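Engineer: Show me how the following folds:
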Amino acid sequence: MAAQFRFIPPAGTPVRFADVAGTIGASLAGKEMVEQFKADLCARVGVRHCELVSTGRAAMTLALLALKEVDGGKRNEVIIPSYTCFSVPSSVVKAGLQVRVADVDPETLDFAPEQLERLDGNRVLAVIATNLYGLPNDMERWRRLTKDRGVYLIDDAAQCLGGSIAGRPSGTWGDIGLYSFDKGKNVTTIDGGALVTNSDRLATAISEKAKTLQNNTVSESVSHLVKLLVYAAFLHPRRYWIPNALPFLGLGATVYRTDYPLARYDRWMAPLGRRLFARLNTIAAQRRAAAERYGKRLPWGAKLRPIVPRAGSVPAYLRFPVLVAPECRAKVLDALHREGIGATASYPSAINDIPQLRELLQPDDRHLPGGRDLAKRILTLPTHVYVTETDIDRIVTLIADVLGEGPVAVYP
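Structural biologist: Sure, this is the predicted structure:
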């Protein structure tokens, strides 16, 4: 019964009511926070240019439209991983470009190297590396490969703000980088996305595209504030069980859609972004501490395998992903949910199995096993600050009981 009235959300970053009050106060005072937020982001990750827009997927669409324009329309293919957020392929389609799927290595969540080695620079406009769940991809390798072939690289760090690899922040390895401030991210403003670049030419193209976007209406800004209040009130485990018990809200549902708007960033949300962004080091450290505890305590074995971060990387750990034997995953999820733990099976299918994309893909893109394997085995565990050490120990025990294996204190 206790678990019924305490449910740990699968993702999220707590927003204090002082943050809400400060956000409303700064916005009512007419302070121009958007440019300051952009300056904060540029200074933090070491880039010269930043543009903010309405959502992360709107940012991806804008990035692709800018690349398409700079390229002069000569190339129209965009390579994406076979397992990633559905908003990535939807952004490609919305930008009027062709989705090409490269398979992933289930052990790393990154591109399988041989898949990109065949890259054809005559047709491919860009490669999108997605740094899933905050685990940095092999960005040095992809940067070198795309540069050699004259292809643009988008470092999609929507889930990896605060992460790095080889001492360089995630999101800065590409010709364009992307961050998301949507709900559930390490820094949230309910909605929002950012594009960053050190290229003056690309920055100009992005800026010109952004100028054509619609502004938020007063009602949309009010809606954002209402959503912020609800988010701040109900993310806590003592209250999250309430929205989680309402299936019509569709919490955590993954839907492929291209009918989302492209709009400017809501200036009312910028003060919140700045406040949370100032706490990013603390947020990231808390998540890494949770990941370290999972790594040391989970019962690794034949039925449960870790996804080991790349050497030289500092993950952001938006969530902690593991690989579970397909025949056991549903049982593990059911056991965790019964005890009030918001673990998830993440995205419901590989990209090449999204029904709306099947007829748009090339024949070679329809039969890729790595993404399908991940879709059957992936399980993500919460890492946010509301997950206590006691919660993690309870999660470990539940998983060990279902799998029939005692926990071991060694990270493979």
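
Engineer: Any idea how far apart the tips of stretch 338-356 sit?
Structural biologist: 33 Å (CA to CA, to the nearest Å).

Engineer: In that stretch, which residues are buried?
Structural biologist: 339-347, 349-354 (16 or more other CB atoms under 10 Å). Glycine gets a C-beta too; all of them are placed from N, C-alpha and C.

Engineer: Closest to residue 202 out of these?
Structural biologist: Closest approach to residue 202 among the buried residues of stretch 338-356 (CB to CB): residue 351, at 25.5 Å.

Engineer: Identify the residues contacting that closest one.
Structural biologist: 80, 81, 82, 83, 84, 86, 88, 89, 99, 101, 357, 371 (CB atoms under 8 Å, 6 or more residues apart in numbering).

Engineer: Including distance to residue 120, secondary structure and neighbour count, could those residues go into TSV?
Structural biologist: What follows is the contacts of residue 351, written out as TSV (distance: CB to CB, whole Å; DSSP: H, G, I helix; E, B strand; the rest coil; neighbours: other CB atoms under 10 Å):
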residue	distance to residue 120	secondary structure	neighbour count
80	15	strand	25
81	18	strand	31
82	18	coil	24
83	22	coil	27
84	21	coil	26
86	25	coil	19
88	20	helix	22
89	19	helix	27
99	15	strand	22
101	14	strand	26
357	20	coil	20
371	21	helix	24
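
Engineer: for these, which one is nearest residue 331?
Structural biologist: Of those, the one sitting nearest to residue 331 (CB to CB) turns out to be residue 83, at 22.1 Å.

Engineer: dump the residue contacts of the spatially closest residue to the closest one that is not a sequence neighbour.
Structural biologist: Nearest non-adjacent residue to residue 83, counting by CB to CB, 6 or more residues apart in numbering: residue 371, 3.8 Å away. Residue 371 makes contact with 81, 82, 83, 101, 103, 104, 350, 351, 352, 353, according to CB under 8 Å, 6+ apart.

Engineer: Quick one: the residues you listed as a markdown table, columns for distance to residue 201 and pLDDT too.
Structural biologist: Shown next, in a markdown table, are those (distance: CB to CB, whole Å; pLDDT from 0 to 100):
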| residue | distance to residue 201 | pLDDT |
| --- | --- | --- |
| 81 | 27 | 97 |
| 82 | 31 | 97 |
| 83 | 32 | 98 |
| 101 | 29 | 96 |
| 103 | 32 | 96 |
| 104 | 31 | 97 |
| 350 | 35 | 97 |
| 351 | 30 | 97 |
| 352 | 33 | 95 |
| 353 | 37 | 96 |
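
Engineer: ok so residue 179 is a strand residue?
Structural biologist: Yes. Under DSSP: H, G, I helix; E, B strand; the rest coil, residue 179 falls within a strand.

Engineer: Measure how buried it is and give me the count.
Structural biologist: 28 (other CB atoms under 10 Å).

Engineer: partner residues bridging it?
Structural biologist: residue 194 (DSSP bridges).

Engineer: quick one: it from residue 133, how far?
Structural biologist: 15 Å (CB to CB, to the nearest Å).

Engineer: List the contacts of residue 98.
Structural biologist: Residue 98 is in contact with 76, 77, 78, 92, 360, counting by CB under 8 Å, 6+ apart.

Engineer: now do residue 345
Structural biologist: Contacts of residue 345 by CB under 8 Å, 6+ apart are 329, 333, 378, 379, 380.

Engineer: Secondary structure class of the last one, three-state.
Structural biologist: Using three-state DSSP, the structure places residue 380 in strand.

Engineer: cool, and the first one?
Structural biologist: Remark: residue 329 carries the secondary structure label helix [criterion: three-state DSSP].

Engineer: show me where the protein has strands.
Structural biologist: Along the chain, the segments classed as strands by DSSP state E run 49-53, 77-81, 98-102, 124-129, 152-156, 164-165, 168-169, 176-180, 193-197, 304-306, 313-314, 320-324, 378-381.

Engineer: Return the most buried member of the ones you listed.
Structural biologist: strand 176-180 (a mean of 29; mean count of other CB atoms under 10 Å).

Engineer: Convert that strand to CSV, retaining C-alpha atoms only.
Structural biologist: Below are the C-alpha coordinates for strand 176-180, written out as CSV (Å, rounded to 0.1, in the frame of the first residue of the first chain):
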residue,chain,number,x,y,z
ILE,A,176,25.8,22.1,-35.0
GLY,A,177,25.0,21.0,-31.5
LEU,A,178,21.6,20.6,-29.9
TYR,A,179,20.3,20.7,-26.4
SER,A,180,16.7,20.2,-25.1
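
Engineer: If you count contacts, what does that strand end up packed against?
Structural biologist: helix 56-71, strand 152-156, strand 193-197 (3 or more CB pairs under 8 Å, 6 or more residues apart in numbering; DSSP states H and E).

Engineer: Give me the nearest residue to the most centrally placed residue in the chain, chain neighbours excluded.
Structural biologist: Residue closest to the average C-alpha location in the chain (CA atoms, centre = their mean): residue 159, at 2.9 Å. For residue 159, ignoring the flanking residues on the chain, the nearest one in space by CB to CB, 6+ apart is residue 318 at 4.5 Å.

Engineer: With residue 177 instead?
Structural biologist: residue 171 (3.6 Å).

Engineer: ditto for residue 265
Structural biologist: Using CB to CB, 6+ apart, the nearest residue to residue 265 is residue 52, at 3.7 Å.

Engineer: now residue 400
Structural biologist: Nearest non-adjacent residue to residue 400 (CB to CB, 6+ apart): residue 299, at 4.3 Å.
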